[in-house]
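[1] need a structure here:
(chains A and B)
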Amino acid sequence: MNAMIKLFVAVVALTVALNVFAAADLEVNTPGVSAIKQSMQARHAQLAAHYGSGAVGLTSDGLIALRDAGAVPLAQRQAVNALVAAENNDRNALYAEISNANGHPEWQAEIRSTFAQRWVQRAQPGWWVQSGGAWKQK
Amino acid sequence: MKRIRIVVPLTALALSACVTINIYFPAAAAEKAADKIIDEVWQTQQDKPAAKEAK
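    Residues are numbered from 1 along each chain as shown, chains lettered A, B, ... in the order given. Sure thing, here's the model as predicted:
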């Protein structure tokens, strides 16, 4: 009986330890996240120029937006719009995928706002970011 | 047998603590995860900044 109680206590202690560990970490190494990351990485080569020119900016909700269509030659505007739309699709999918992969779909909004802050904070000098509804150049 | 009466409520407490802990959003971990992903997407860890790709 004593041994059983000890085993029981050990199992509970392990569960608690694993739960603390799980809460302290966020799983982002899933095939879904990797695929989205790669797609975004490939797209960034095209988007970087538009961040630099101010045509595209980072929004406060973790997405990107066409900020100044005038900075894009008319012939390219359609392509830029498509880039922005595809990037936002990927970003939305990324936030959903991370929250689902961690078993907490309800965390999606918090993950999005965490990303939004980090994208903006890590944007390069000259890029445009949205803060409090207004555009600001870094 | 008496010990079971102590262990069972303790277990219940421990398990409920697990649930409580897991409900909270791990903000620090999320920030770290976001930074890691941003580094990879923007490739900010290489010495060639992406903005230089501008024509």
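
[2] got any ranges where chain B has weak pLDDT?
    B:1-2, B:17-22, B:45-55 (pLDDT under 70).

[3] An error on my part: the question was meant for chain A.
    Ranges of chain A meeting pLDDT under 70: A:1, A:16-24.

[4] From B:Lys32, how far off is the residue sitting nearest the centre point of it?
    In chain A, the centroid-proximal residue (CA atoms, centre = their mean) is A:Phe115; its distance is 4.6 Å. Computed as CB to CB, to the nearest Å, the A:Phe115 to B:Lys32 distance reads 12 Å. All C-beta spots, glycine's among them, are computed from the backbone N, C-alpha and C.

[5] In this structure the residue nearest to the centre of chain A contacts B:Ala33, no?
    No. Shown here, A:Phe115 and B:Ala33 do not form a contact pair, counting by CB atoms under 8 Å, at 9.1 Å.

[6] about what we covered before: and the residue nearest to the centre of chain A, its phi and psi?
    phi -60, psi -40 (degrees, to the nearest 10).

[7] quick one, what contacts it?
    A:62, A:91, A:94-95, B:34, B:37-38 (CB atoms under 8 Å, 6 or more residues apart in numbering or on different chains).

[8] Could I get those in CSV, plus columns for neighbour count?
    Below are the contacts of A:Phe115 laid out as CSV (neighbours: other CB atoms under 10 Å in any protein chain shown):
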residue, neighbour count
A:Gly62, 23
A:Arg91, 22
A:Leu94, 25
A:Tyr95, 24
B:Ala34, 26
B:Ile37, 21
B:Ile38, 19
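
[9] tell me which of the residues you listed is nearest to A:Ala69?
    Nearest to A:Ala69 among these is A:Arg91, at 20.5 Å by CB to CB.

[10] Look at the closest residue to that closest one other than its chain neighbours and say how many residues are nearby.
    Nearest residue to A:Arg91, sequence neighbours excluded (CB to CB, 6 or more residues apart in numbering or on different chains): A:Leu63, at 5.5 Å. Look at A:Leu63: counted by other CB atoms under 10 Å in any protein chain shown, it has 20 neighbours.

[11] Can you verify my assumption that A:Leu63 contacts A:Asn88?
    Yes. Applying CB under 8 Å, one finds A:Leu63 in contact with A:Asn88, separated by 4.7 Å.

[12] Who are the packing partners of the lengthiest helix in chain A?
    With secondary structure taken from DSSP state H, chain A has its longest helix at helix A:74-101. With contacts defined as 3 or more CB pairs under 8 Å, 6 or more residues apart in numbering or on different chains; DSSP states H and E, the packing partners of helix A:74-101 are helix A:31-53, strand A:56-58, strand A:64-66, helix A:108-122.

[13] what's the most buried one of these?
    Stretch with highest mean neighbour count among those: strand A:56-58 (a mean of 24; mean count of other CB atoms under 10 Å in any protein chain shown).

[14] Could you give the separation of it from the chain centroid?
    Averaged C-alpha coordinates place strand A:56-58 at 15 Å from its chain's average position (CA atoms, centre = their mean, to the nearest Å).
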